[in-house]
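Undergrad: Sequence and predicted structure, then a few things I'm wondering about:
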Amino acid sequence: IYHGGSFARKIDELVEPERKIKFNLKNFIFTAGSISPARGLEDIIIAMGLLKAEGVNLPDLLIAGQCIDSMASYKKSLVKLINKFNIQKNIIWCGYLSEQELGWCYMNSAITVITSRVESFCMIAHEAMSYGANIISSDNKCLPEILGEGAIYYQSYNSQQLCKLIKENRSNN
């Protein structure tokens, strides 16, 4: 039996993330979850780099999630990748977000991207669907089972395919 959700779905309770960050409220990509290799954030970062190389007007990418001390080297490798593509100004590390902030991001993002490599049950997928997010997800188990027709899928590690899906989805919004 799948997990149930206790997400704050009342629209009037949702709040924009209380961060001293500036991002384009009308055109941002959102991803959430702990900062760890199982998260597969390289896929979306490389896809953002490919979009930039193609001359696409880059959306901001909001990355929500905590990075525990033992994952600091992983985050450092992600920052190096971001610097390699020179997309620092489009990447916003949000850290921890409350349920109300997460809900706001799911509802207001142009696209929510789920890049997970390994999941037993992806609460992020469940949350994103509960807020009606436009979802692009990796095809790793159990994501297609949970999301069904509620997402568009790309093959993990295939940032070119993810890049293409982001372009197609943005043009449909």
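TA: Yep, that arrived.

Undergrad: residue boundaries of the strands in this protein?
TA: 28-32, 60-64, 91-95, 111-114, 135-138, 151-154 (DSSP state E).

Undergrad: Could you single out the most deeply buried of those?
TA: strand 111-114 (a mean of 26; mean count of other C-beta atoms under 10 Å). The way it works is simple: take the backbone N, C-alpha and C, and place the C-beta from them, glycine included.

Undergrad: For that one, which outside residues touch it?
TA: 29-32, 44, 105-106, 122, 124-125, 128, 133-138, 143, 151, 162, 166, 169-170, 173 (C-beta atoms under 8 Å, 6 or more residues apart in numbering).

Undergrad: Adding mean pLDDT and distance to Leu78, write the strands of the chain out as a markdown table.
TA: Shown next, in a markdown table, are these (pLDDT from 0 to 100; distance: least, C-beta to C-beta, whole Å):
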| stretch | mean pLDDT | distance to Leu78 |
| --- | --- | --- |
| strand 28-32 | 94 | 12 |
| strand 60-64 | 94 | 9 |
| strand 91-95 | 91 | 9 |
| strand 111-114 | 94 | 14 |
| strand 135-138 | 92 | 16 |
| strand 151-154 | 94 | 19 |
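
Undergrad: So for Ile82, which of these sits nearest?
TA: Nearest to Ile82 among the strands of the chain is strand 91-95; the distance by C-beta to C-beta comes to 5.3 Å.

Undergrad: where does this protein have low pLDDT?
TA: 1-13, 15-16, 18-25, 119-122, 171-173 (pLDDT under 70).

Undergrad: As a check, name the ranges of all helices in it.
TA: Along the chain, counting by DSSP state H, helices occupy 41-53, 72-85, 99-108, 123-130, 143-147, 159-172.
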